[in-house]
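**Student:** Provided below are the primary sequence and the corresponding predicted coordinates.
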Amino acid sequence: MFTINNYVIAESLEQAYELNQNRRNVILGGNLWLKMSRKAINKAIDLSTLGLNNIEETDDEFKIGCMCTLRDLEIHEKLNSYFDGVISKSVNNIVGVQLRNGATIGGTIFSRFGFSDVLTALLTLDTYVELYKGGIIPLSDFVDMPLDNDILVNIIIKKDNRKVSYLSHRMSSSDLPVLTCAVSNINNEWNVVIGARPMKAKLTKLKSSSNLTEDEINNFVKNINDSVKYGSNFRGSKEYRQILAEVFIKRNIQTIVNV
Ligand SMILES: Cc1cc2nc3c(=O)[nH]c(=O)nc-3n(C[C@H](O)[C@H](O)[C@H](O)COP(=O)(O)OP(=O)(O)OC[C@H]3O[C@@H](n4cnc5c(N)ncnc54)[C@H](O)[C@@H]3O)c2cc1C
């Protein structure tokens, strides 16, 4: 069981950042993952009064505050009118509405979980994270950075007309996924992301025309799958994941090509 000595409602991001530099203090997201740990927390820092629970849309991008819940993302009509609704599709298998009403996008992406459905989907889009001290950086760079004491303030997704498809497999509903796979295509660029390998989601970029033939798709799938590493855990073996990935990459590409 985790314990919290003091609870602080942050009055500014600067105050939250300063407090978070002490290793015994933590930022609270929805507190769903944290509360399963055995941490002895000195100060729990709550960001919920800083206005970071909005999804803003401009001509070029969506800006999603770190305190938005997964449910906010799942049901946001404008956000899901882009990218073939991939955000909603990647979220709606995560446990149930009750959990998704609490889990935040900040806690989800900052943690860079190896099993993350959402990380898989966002990596296939043109996505950036805005860190309080670290500034705005591509999610594809952030995913490989070590965990530190910065604060994830916003997620930024650039609006473009890419086509996207997402698939995941669970041994039973509401369990963590055995494998996640997202593919997007824009002009001659293909982005293939495999997650829950069971390591962190990995993005592979390939240049190829949008109208792939059956033979080209098979070659494409083989090239990607050969370059991605898989592992085993109690949810599935490395070999099983490799077979699933081959099928999911192919189905995702076929969905995009046939749209
Ligand atoms: C039972 C259960 C099942 C789940 N199943 C799935 C699943 O199938 N697929 C899936 O993708 N996910 C799954 N998740 C993960 C879930 O979707 C969230 O990603 C997770 O709960 C973290 O979000 P949170 O808001 O609860 O973060 P918290 O638990 O509050 O925080 C997690 C970590 O992030 C830090 N943090 C939080 N917000 C910020 C911020 N803005 N800046 C910097 N650091 C921050 C915290 O200090 C903490 O270290 C599951 C979670 C649970 C509890």
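**Tutor:** Good, I have the coordinates. Residues are numbered from 1 along each chain as shown.
**Student:** So which bits of stretch 159-176 are buried?
**Tutor:** Judged by neighbour count (16 or more other CB atoms under 10 Å), stretch 159-176 contains these buried residues: 159, 162-170, 176. Just so you know, the C-beta spots here come from the backbone N, C-alpha and C atoms, and that holds for glycine as well.
**Student:** no no, stretch 19-30
**Tutor:** Within stretch 19-30, the residues that qualify as buried by neighbour count (16+ other CB under 10 Å) are 19-20, 25-30.
**Student:** Is any residue of it near the ligand?
**Tutor:** Yes: using CB under 6 Å from any ligand atom, a contact is recorded between stretch 19-30 and the ligand, made by 26-30.
**Student:** okay, how far is it across that stretch, tip to tip?
**Tutor:** For stretch 19-30, the first and last residues are 18 Å from each other (CA to CA, to the nearest Å).
**Student:** interface residues of the stretch 1-150 of the chain facing the ligand?
**Tutor:** 26-34, 66, 70, 94-95, 103-104, 106-108, 110-111, 115-118.
**Student:** Mark which of those residues are buried, thanks.
**Tutor:** The neighbour count (16+ other CB under 10 Å) marks 26-32, 34, 66, 70, 94, 103-104, 106-108, 110, 115-118 as buried among these.
**Student:** out of those, which are inside helices?
**Tutor:** With helices identified by DSSP state H, the entries of these that belong to them are 70, 106-108, 110, 117-118.
**Student:** The residues you listed into CSV, with extra columns for pLDDT and distance to A201?
**Tutor:** Conversion of those to CSV gives the following (pLDDT from 0 to 100; distance: CB to CB, whole Å):
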residue, pLDDT, distance to A201
L70, 98, 16
G106, 98, 17
G107, 98, 16
T108, 98, 12
F110, 98, 14
D117, 98, 9
V118, 97, 9
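**Student:** in this protein, which ranges drop under the pLDDT threshold?
**Tutor:** Low-confidence regions of the chain, defined by pLDDT under 70, span residues 259.
**Student:** circling back to that earlier point, export the buried residues of stretch 19-30 to CSV and append columns for distance to N5.
**Tutor:** Putting the buried residues of stretch 19-30 into CSV (distance: CB to CB, whole Å) gives the following:
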residue, distance to N5
L19, 13
N20, 15
N25, 10
V26, 11
I27, 15
L28, 14
G29, 19
G30, 20
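**Student:** Can you name the residue of this structure nearest the ligand?
**Tutor:** Closest approach between the chain and the ligand, counting by CB to the nearest ligand atom: G107, at 2.1 Å.
**Student:** Contacts only, for R23.
**Tutor:** With contact taken as CB atoms under 8 Å, 6 or more residues apart in numbering, R23 is in contact with N149.
**Student:** what's it sitting at in phi/psi?
**Tutor:** In terms of degrees, to the nearest 10, the main-chain angles of R23 are phi -60, psi -20.
**Student:** now L206
**Tutor:** Main-chain dihedrals, L206, degrees, to the nearest 10: phi -140, psi 150.
**Student:** Just the closest of the buried residues of stretch 159-176 to S210, please.
**Tutor:** For S210, the nearest member of the buried residues of stretch 159-176 is K163. The distance, counting by CB to CB, is 8.1 Å.
**Student:** Bridging across strands, which residues link to the closest one?
**Tutor:** Here K163 shows beta-bridge partners N185, assigned using DSSP bridges.
**Student:** Show the contacting residues for it.
**Tutor:** Under the criterion of CB under 8 Å, 6+ apart, the contact list for K163 reads 84, 184-186, 256, 259.
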